[in-house]
Every structure is written in structure tokens, then in C-alpha cells.
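Trainee: Sequence and predicted structure, then a few things I'm wondering about:
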Amino acid sequence: MNLEQELKIIRKAVDEIIPEEDLVRKLIRSKETGKPLRIKFGIDPTGTDVHLGHLVPIRKMRDFQDLGHTGVIIIGDFTAQIGDPTGRDETRPPLTHQQVLSNADRFMEQLYTVLKQEQTEVRWQSEWFGKMTVEDVIKLMGNFTLAQFMAHDTFRTRYEQGLPLGLHELMYPLLQAYDSVAVQSDVELGATEQKFNILCGRDMQRYFGQEEQVAILTPLLIGLDGVNKMGKSLNNYIAVFDSPEEKFGKIMSIPDNLILNYYKYAAWADAEELDAIQKALDNGINPMILKKQLAHRIVAFYHGEQAADEAQRTFERVFSQRELPDNIPEYKVNYPVMRITKLLTESGMCESGSEAKRLIQAGGVSINGEKITSSDMDIEIEDGMVLRVGKRKFLRLRKQ
């Protein structure tokens, strides 16, 4: 594969490459020497679920792996205990080290659905920060000025609004930057909101006499609501560990104006295919056709063609023909009568009573096909009745 073909692959689904001429030079040298580039991506395992938005830069790492390069995943066992301040208007509660270790195992299990394990190097920040002295940390801090950090939108806005801004949070970009020195990163991947931190990495490498890494910034995937970035807090995400049926159904629920966005950033369509999809939309194609193709493609990537075929059949049977899915999970109820909000929360169909009330008010809860209209309704439990929440969640109730 020639250089231009490689660059075409690397540029796909990328917002910015800083600076691209450095990337070209690194790629040429890699070909001449046979030495793979080191492609860095850092994760703060502050939770356990990885969603498709997280995987936009990870799939770019896979592109580099397919071109023969090495992916370097940094487990932020130090930075996760600080919490990335980027885009936040409050201080994140710190995690314990044991929580970070536990979360990291599950994180990597999900990342390996995309990455080649044999071309992935996993490193822990504690390898280098665990050996640092106070003197070393002060020297690191001496490479940057307060003015540089106050130019960061997040820091400046919180300071100007009188919101809490801990000194430990100012350390976050420094620690992430030093990671690039520790692993001798050639390229760092990250979402566009990570631009400040990644560019700090370039500065840090220069201070330590290393060649500066190239920053490759990928966009934020919009969530299922069509408005906000994909995230667990807004419940607008598609998780890696969602079942094939859940993934298929969620993708079918996206607003029509996100079809092109999801083909580009979740299904990795190339420019020619994106042009064809745009033309189809302009010519009035039924968006449902494109969504089914999109959903099948994404499910097949994570679960295989057979699972994607079955997920599509299930969707069409349940939602097009209004039938119930096979293998509905069951829940044993201990009471003959239950308040609907209590039933929803205790069965796990809703995380809280307030969420249950919102769904009922929106008409998203039904039993045996009949909508629940009041959150104060008491339900007389009958063995085998089917509770439905939203479009995709079903539960068969069993009397104890």
C-alpha cells in the first residue's frame, strides 16, 4: 500500500491532524526502517461500560494496527483518581485504586472487540508515576505556566464563574502529557475535546528532548437523542455489551438526521459510500431502509453476520409485525398487587422512581399491550403478564 492510500485510511472519520506533515514524515520513516509507529490512547476507567462513542478513536487505532503499527493503551490509574476536568463544571469524586483496577479489566475486554490484542501494548501510569518523587513532580510543573492552563476553556470558565477548581485538576493535563514521554508516543488519538491535553503532550515531549507526537482528533458521536454527545448519564448510548437485539433496536431509533453521522463514525463508511447514502436520502429513500442496513452492519461487526440476521428478524417481527420477542426474561413478583413505579424499579426496568414516572408520562410503559397512564396505578399481578418499557425492553411477570 502506498503512502497516499495509507493517508486516505487515516484521514477517514477524523476532524483534525496536528500537524499532518509530521505524520507523513513519521509514516515514511516507518516504512524505511520497518519500525512500527506507537499509537497512544489513554483511558480513565471511571466506569465499566464502553459505548460506541468511546470507540470512534479506538477504531482509528485499529486502522493504524491494520497498517502494521502498534496500539498503546494507557490505563490512567493515576488520572482516573483525579477525574478529567475537560468539559465539566464540577469536580469529579475520586475513585479508589481498587475501583480503577476492576473497571480497567472490563474496559479492556470491550476494547478488544475492536483492537488486535497481539498488536496492543497495555501500560499503567503507575509504572512511571509510582516512582516519581515530589521533586520530579515540581520539575514537571515548571514546564508549564498558569496562563497556559487558564487559556483552557474548562478551567477559565469555572474560574470566572466562581466554581470550585481544585489544584489537583490542573495536574490532569500534565500527567496525561507525561504519559506520552513515558511510552515515546508517535501519535496520540483522542476526541476533539481532548485537543488541549494532547497538545500538552507535544510540549512535554519537546521539553524532554523527544520527537513530538502527532495529534489525531476524532469527533464526538451524537447520542440516540440526536442532541447531546453519547453518554451514560443521559441514557442515550449504545453499549459494546448490549445484546445484538438491543443494538439493532437502538440504532433503528436514531433520528433520521443522524443516519449519515452514524454511517461515518459508528459504521466506518468511506467517502464514496457516504456520497451514495446522501444521494439516496436526497432522492427520497425511506430512511428505515438505510437504518436497517446500518443496524445490521454495526451488529455484524461486534457479533457476527448470523447474530445480525437474527437481530433484524427479531426487530421486524416485534416492531413491524407488533409481535412479542422470543425468550422474554422473567421476573418473580412477591406481592399480589404492586404500585407500577415500585414494580418498574424493583424489577430493574427503571433505575429510579423519577425515571419510571417520566416514562409513564411519556406513554412508554404498557402491560399486555395496554398503556399505563398514571404513576399511582396499582397493578394486580397475573402470572405471565408482559411488562414493556420503551420500544425494546420486555419482562414477563411470574407470581411467586
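Mentor: Sure, I can see it.

Trainee: what about the helices in the stretch 51-200 of the chain?
Mentor: With DSSP state H, counting those that start in this stretch applied, the stretch 51-200 of the chain shows helices at 55-66, 97-111, 126-129, 134-141, 146-150, 153-160, 167-183, 195-207, listed in chain order.

Trainee: Show me what counts as buried in the second one.
Mentor: What that stands for is helix 97-111. Residues of helix 97-111 classed as buried: 99-100, 103-104, 106-108, 110-111 (neighbour count, 16 or more other C-beta atoms under 10 Å). In short, each C-beta sits where N, CA and C put it, glycine included.

Trainee: Could you do the first one as well?
Mentor: Within helix 55-66, the residues that qualify as buried are 55-65, counting by 16+ other C-beta under 10 Å.

Trainee: so which helix or strand takes in Ile379?
Mentor: When secondary structure is defined using DSSP states H and E, the element that contains Ile379 is strand 378-380.

Trainee: Just the element for the nearest residue to Ala267 once chain neighbours are set aside, please.
Mentor: Take Ala267 and drop its neighbours on the chain: the residue closest to it by C-beta to C-beta, 6 or more residues apart in numbering is Arg297, 5.0 Å away. With elements taken from DSSP H and E, the one containing Arg297 is helix 287-303.

Trainee: From the rest of the structure, what touches that helix?
Mentor: Contacting residues not belonging to helix 287-303 are listed as 52, 113, 240, 244, 247-248, 251-252, 254, 256, 259, 262-263, 266-267, 277, 280-281, 307-309, 311-312, 315 [C-beta atoms under 8 Å, 6 or more residues apart in numbering].

Trainee: Spatially central residue in this structure, please.
Mentor: When the chain is reduced to its mean C-alpha position, the nearest residue by C-alpha atoms, centre = their mean turns out to be His54, at 2.3 Å.

Trainee: Who are the contact partners of that residue?
Mentor: Under the contact definition (C-beta under 8 Å, 6+ apart), no residues are listed for His54.

Trainee: Which pLDDT does the model give it?
Mentor: In this model, His54 is scored at 89, pLDDT.

Trainee: Distance to Glu118 added to the helices of the stretch 51-200 of the chain, as a markdown table?
Mentor: Written out in a markdown table, the entries for the helices of the stretch 51-200 of the chain read as follows (distance: least, C-beta to C-beta, whole Å):
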| stretch | distance to Glu118 |
| --- | --- |
| helix 55-66 | 9 |
| helix 97-111 | 14 |
| helix 126-129 | 21 |
| helix 134-141 | 33 |
| helix 146-150 | 39 |
| helix 153-160 | 37 |
| helix 167-183 | 18 |
| helix 195-207 | 26 |
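
Trainee: Select, out of those, the one closest to Arg38.
Mentor: The minimum distance between Arg38 and those falls on helix 167-183, with 6.4 Å, by C-beta to C-beta.

Trainee: and the helix holding Arg297 with helix 55-66, angle?
Mentor: 60 degrees (axes from the mean of the first three to the mean of the last three C-alpha atoms, to 10 degrees).

Trainee: buried sites along helix 287-303?
Mentor: Buried residues in helix 287-303, counted by 16+ other C-beta under 10 Å: 287, 290-292, 294-303.

Trainee: For Ala191, state which of the residues you listed is nearest.
Mentor: Top of the list for closeness to Ala191, among those and by C-beta to C-beta, is Ile298 at 19.4 Å.

Trainee: For the strand holding Ile379, name the packing helices and strands.
Mentor: Here strand 378-380 is seen to pack against strand 337-339, helix 340-346 when contacts are counted using 3 or more C-beta pairs under 8 Å, 6 or more residues apart in numbering; DSSP states H and E.

Trainee: Just say which of these is most tucked in.
Mentor: Mean neighbour count, computed with mean count of other C-beta atoms under 10 Å, is highest for helix 340-346 among the helices and strands packed on strand 378-380, reaching a mean of 20.

Trainee: which outside residues touch it?
Mentor: Here helix 340-346 makes contact (C-beta under 8 Å, 6+ apart) with 333, 349-353, 356-357, 359-360, 365, 372, 374-379, 387, 389.

Trainee: Show me the chain divided up by domain.
Mentor: If you go by automatic domain parsing, the domain ranges for the chain are 3-218, 242-320, 330-399.

Trainee: among these, which is nearest Val227?
Mentor: Relative to Val227, the nearest member of those by C-beta to C-beta is domain 242-320, separated by 8.9 Å.

Trainee: pLDDT of the closest one, averaged?
Mentor: Mean pLDDT, taken over the full extent of domain 242-320, equals 91.

Trainee: tally of neighbours for Phe319?
Mentor: The tally of other residues near Phe319 (other C-beta atoms under 10 Å) stands at 16.

Trainee: Tell me where this structure has strands.
Mentor: 16-18, 38-43, 70-75, 120-124, 187-191, 214-218, 330-333, 337-339, 365-367, 370-371, 378-380, 386-389, 393-399 (DSSP state E).

Trainee: so what secondary structure elements neighbour the fourth one?
Mentor: In other words, strand 120-124. Other elements packing on strand 120-124 under the criterion 3+ C-beta pairs under 8 Å, 6+ apart are strand 70-75, helix 167-183.

Trainee: buried set for that strand?
Mentor: 120, 123-124.

Trainee: what about Ser180, how many residues close to it?
Mentor: If we define neighbours as other C-beta under 10 Å, then Ser180 has 29 of them.

Trainee: Could you give the number of residues near Tyr112?
Mentor: Using other C-beta under 10 Å, Tyr112 has 13 other residues around it.

Trainee: neighbours of Glu330, just the number please.
Mentor: Using other C-beta under 10 Å, the number of residues around Glu330 comes to 10.

Trainee: Apart from its neighbours in sequence, what residue is nearest it?
Mentor: With C-beta to C-beta, 6+ apart as the measure, Arg396 is the residue that lies nearest to Glu330, at 4.7 Å, once sequence neighbours are left out.

Trainee: check contacts around the one you found.
Mentor: Applying C-beta under 8 Å, 6+ apart, the residues contacting Arg396 are 328-331, 384-387.

Trainee: Neighbour-wise, which one of those leads?
Mentor: Taking other C-beta under 10 Å as the neighbour criterion, Leu387 ranks highest of the contacts of Arg396 with 23 neighbours.
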